[in-house]
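**Student:** Show me how the following folds:
(one chain, ligands or ions: 2)
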Amino acid sequence: MERTLIIFKPDTLQRRLAGRILQRFEDKGLTVSGLKLMQIPRELAEEHYAPHKGKPFYPGLIDYITSGPVVVVALQGHRCIEIARTLMGKTFGYEAVPGTIRGDFGASRSFNLVHGSDSPESAATEIALYFTDGELVDYSPAGSEWVFPSDDT
Ligand code: UDP
Ligand code: MG
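**Tutor:** Residues are numbered from 1 along each chain as shown. Ligands and ions are numbered 1, 2, ... in the order given. Here you go, the predicted model:
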């Protein structure tokens, strides 16, 4: 089963939106297979966002993501990488359409509430940065067959 890494960024925690945002992923049928509250150390943030190093927004991004507590979530489900990105909406809150997390709660370029892996490769790399194997639980909640039919592609 596919997995993706989601981070509720510091603005989500400061604005007390963690419960409501997690609810959206659960409502869609995705399964929480790992979850923790932490403050991201600078070195870890730099490793995670290494692909953006050198871009104008990079220093501000590192300051932002390390500025307060975050919740990191490993989600599991068929096509969960794509599904999570769709639920999140476009990067900038002012462009994201209503109905998406960023479209409903965000108005900023940088403070956009959530991170989500953008490919199977980045999901694998990012999950390994934030979780050990022992912190991830592989299970299939009751009723999963009504969300992901076995013949779905
Ligand atoms: N970001 C920013 N200014 C920009 C572009 C991105 O502050 O012009 C921040 C924003 O928080 C974004 C993160 O950098 O979520 C990573 O950017 P990316 O293009 O990967 O967007 P995402 O995958 O999060 O939609
Ligand atoms: Mg990205």
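**Student:** Could you report the pLDDT at the residue of the chain found nearest ligand 1?
**Tutor:** Ligand 1 sits closest to residue 110 of the chain, with a gap of 3.1 Å, by C-beta to the nearest ligand atom. Every C-beta, even on glycine, is put in place using the N, C-alpha and C of the backbone. Reported pLDDT at residue 110 in the predicted model: 97.
**Student:** Could you give the secondary structure assignment for it?
**Tutor:** Residue 110 falls in the coil class when you classify it by DSSP: H, G, I helix; E, B strand; the rest coil.
**Student:** Spit out the contact partners of it.
**Tutor:** 57, 60, 61, 64 (C-beta atoms under 8 Å, 6 or more residues apart in numbering).
**Student:** Separate out the buried members of the residues you listed.
**Tutor:** 61, 64 (16 or more other C-beta atoms under 10 Å).
**Student:** Narrow the contacts of residue 110 to those in helices?
**Tutor:** 60, 61, 64 (DSSP state H).
**Student:** Tell me, how many residues neighbour residue 41?
**Tutor:** 10 (other C-beta atoms under 10 Å).
**Student:** Between the contacts of residue 110, which sits nearest residue 3?
**Tutor:** Comparing the contacts of residue 110 against residue 3 with C-beta to C-beta places residue 61 closest, at 23.6 Å.
**Student:** Just flag the most distant two among the contacts of residue 110.
**Tutor:** Maximum distance among these (C-beta to C-beta): 9.3 Å, for 57 and 64.
**Student:** At the contact with ligand 1, which residues of the protein appear?
**Tutor:** By the rule C-beta under 6 Å from any ligand atom, the part of the chain lying against ligand 1 is 52, 57, 60, 61, 91, 109, 110, 112, 115, 118.
**Student:** List the contacts of the fifth one.
**Tutor:** Residue 91 makes contact with 102, 109, 112, according to C-beta under 8 Å, 6+ apart.
**Student:** got those as CSV, with neighbour count columns?
**Tutor:** Listed next are these as CSV, based on neighbours: other C-beta atoms under 10 Å:
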residue, neighbour count
102, 23
109, 13
112, 24
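**Student:** could you dump those residues to TSV with distance to residue 19?
**Tutor:** What follows is the contacts of residue 91, written out as TSV (distance: C-beta to C-beta, whole Å):
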residue	distance to residue 19
102	17
109	25
112	18
